[in-house]
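> quick one: sequence and predicted model below, then my questions.
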Amino acid sequence: MGAVRDLPPESTQQAVGYPTLFALVALGSLVPVVPTGAIVSSAAVVAFHQTSPLSLLFVFLVAAFAALLGDVALYWLGQRGVRSRNGSRWLEVLRGRAAPDRLAQAQAQLETHQVSVLVLSRLVPAGRIPVMLACLLARVPLRRFVRGDVPACLAWAAMYQLIGILGGSLFPEPWQGVLAAVALTVLISGAPAMWRRVRGTGRGSRSGREHT
């Protein structure tokens, strides 16, 4: 059977898939535990195997807009915490998910490269929250944050859609492409943490040898 025949009718996918994609990406941007990159890549694989040339465009637009909406909502909630004397639960969540060294780096870069830092924060795994927290602590207005976050969300959606297109083009069956895209996004998201762990282990070993 062909790859297209293995999928539900396109009208059914569009009626269910786009709202689901929007909800999951927006939720993942607001609550940073949902693997939004893998979701976008998987949706791009399915769109790649559809006959409509606009499917990939719709996935891109829906993902970018949902990511922007989630970011704006989270930033607005964080602003309320910054202005409040007692803080807020959302601000504490952001603080808890931002490593001190990453936050300090984001604050230093924010002073001179505001828009580019926002764009990179969306593309670098675990980079979004430290930069957002740095913007909050610097009292960056919501309107200015949105102006920088728009190209960031567009670049983010494009990157993960390209991963999905790559997975969809390498395999004839959609489910195979989805598995490949998810595996690649997990590898990308976990690579920085693995590198820091390996580098930290190497430094610890050298330090131990120096003291012997």
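Happy to help now that I have it.
> read off the pLDDT value for Trp195.
Here, the pLDDT recorded for Trp195 equals 52.
> next: Leu142.
At Leu142, pLDDT is 92.
> list the contacts of it.
72, 75-76, 79 (Cβ atoms under 8 Å, 6 or more residues apart in numbering). To be clear about C-beta, it is placed using only N, CA and C from the backbone, and glycine gets the same treatment.
> so what touches stretch 162-181?
3, 6-7, 37-38, 40-49, 56, 59, 184-185, 188.
> mind checking which of the residues you listed are in strands?
Among these, none falls in strands (DSSP state E).
> I'd like to know which of those residues are buried.
3, 7, 37-38, 40-49, 56, 59, 184-185, 188 (16 or more other Cβ atoms under 10 Å).
> could you pull out the helices for this protein?
For the chain, the helices defined by DSSP state H occupy 10-30, 36-48, 55-83, 89-97, 100-110, 114-123, 128-137, 142-170, 174-210.
> picking up where we left off before, closest to Arg128 among the contacts of Leu142?
The nearest member of these to Arg128, counting by Cβ to Cβ, is Tyr75 at 10.7 Å.
> can you get me a residue count around that closest one?
20 (other Cβ atoms under 10 Å).
> that one touches Met132, doesn't it?
Yes. Counting by Cβ atoms under 8 Å, Tyr75 does reach Met132; the two are 6.1 Å apart.
> identify the residues contacting Phe48.
55-56, 164-165, 168-169, 177.
> pLDDT of stretch 65-78, averaged?
Mean predicted lDDT for stretch 65-78 stands at 94.
> gap between Leu118 and Phe65?
17 Å (Cβ to Cβ, to the nearest Å).
> one more: Gln105?
29 Å.
> next: Thr185.
20 Å.
> again with His49
23 Å.
> thinking again about what came up before, out of Leu118 and Phe65, which sits in the more crowded spot?
Shown here are Leu118 and Phe65; by other Cβ under 10 Å, Leu118 has more neighbours (29 against 17).
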